Every structure is written in structure tokens, then in C-alpha cells.
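Asks: here is my input, please return the structure:
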Amino acid sequence: MEPRKLKRWLTIIAVLYLVFPRDLIPDFLGRGLGLIDDLLLIGLLIYFYRKHLRQQIPREAREDETRGWGEPSGRGQAAASERPFDAHEVLGIAPSASGEMIQAAYKARMSEYHPDKVAHLGEDLQKLAHRKALEIQRAYQQLSR
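Replies: All right, here's what the predicted structure looks like:
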């Protein structure tokens, strides 16, 4: 599930649990005592959300590698620099693409990885999106010459 959707559902669950009168420790036993289980549940939901985000980062990195976008695993920057930069592959277009097609592909790719689109995600995903955005800009500049 995508992080934004998951966050929305977890927030709804937390609010409903806070409002619902039947808890593990009922609220009528005392205001301070009744909030203990509410706060524990909210803490558990936050932990679950963060754990989900940590698992999401490696999964997305693996998907990018299989598509040819990320660094090859295990070899780092040296292996990435050995592979020639293919601007057409980065933008996902054919070498015979027209200027309009290049511009449309650039806009479509940038809409996926633009820093404003990933500002709510974790730091690692933001760094990955930044690298991709730079790669897309480089490909567009190379093809628009």
C-alpha cells in the first residue's frame, strides 16, 4: 500500500479508537487511566507506519534496479559509471522520438520524481528521487540540444 494511503487509514483508525467508548481500559475508570491504552495504540500505529516506510525503501530501490534506473547492487558508483548514459532509456522513449515526444516524456518523468512530490516521504526516498530528477534533467538537456 502506498504510504499516503496507509497514513490516512492509520489516522482514521486512531481517531475512531480515541472516540470509541469501549477500549481495553475504559475511559470512565479515570481520564488519565483511560488514555493509556489510547496512547499505546497510537504509538503502535506510528511504529507500524515507520516500519512500513523502512521496508518500502529497499523494495522501491530493487524495482528501480530491475528497470535499469538505479545503481547496480554491490558495485556502487564505479559500476554505474562504467555503463554508458543513455538519455533515451532514462526518458523511456525511442531514439527516433520527436522534440514534442521528448518534452512530453521529460514532463511525465519529472512529475514522478519531482522533489515537491516526494517531500512527505522518508529521507532515503527523497535522495533517490533527487538522483532520478537530476538524471532526467541531464537526459532532457542532452536530447534537446
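Asks: hey, let's count contacts and neighbours off CA atoms from now on
Replies: Noted.
Asks: and L143, what element?
Replies: helix 123-144 (DSSP states H and E).
Asks: buried ones in that helix?
Replies: 125-126, 128-130, 132-133, 135-137, 139-140, 143 (16 or more other CA atoms under 10 Å).
Asks: mind listing what's buried in the helix or strand harbouring K107?
Replies: Per DSSP H and E: K107 is located in helix 99-113. Within helix 99-113, the residues that count as buried by 16+ other CA under 10 Å are I102, Q103, A105, Y106, K107, R109, M110, Y113.
Asks: tell me the one of those residues nearest R54?
Replies: Proximity of the buried residues of helix 99-113 to R54 (CA to CA) peaks at Y113, which lies at 18.7 Å.
Asks: need the contact list for the closest one.
Replies: Going by CA atoms under 8 Å, 6 or more residues apart in numbering, Y113 touches A129, H130, K132, A133.
Asks: next: D86.
Replies: Counting by CA under 8 Å, 6+ apart, D86 touches A139.
Asks: quick check: it vs E135, distance?
Replies: As for D86, its distance to E135 is 10 Å (criterion: CA to CA, to the nearest Å).
Asks: give me the common contacts of these two.
Replies: Taking CA under 8 Å, 6+ apart as the contact rule, D86 and E135 touch no residue in common.
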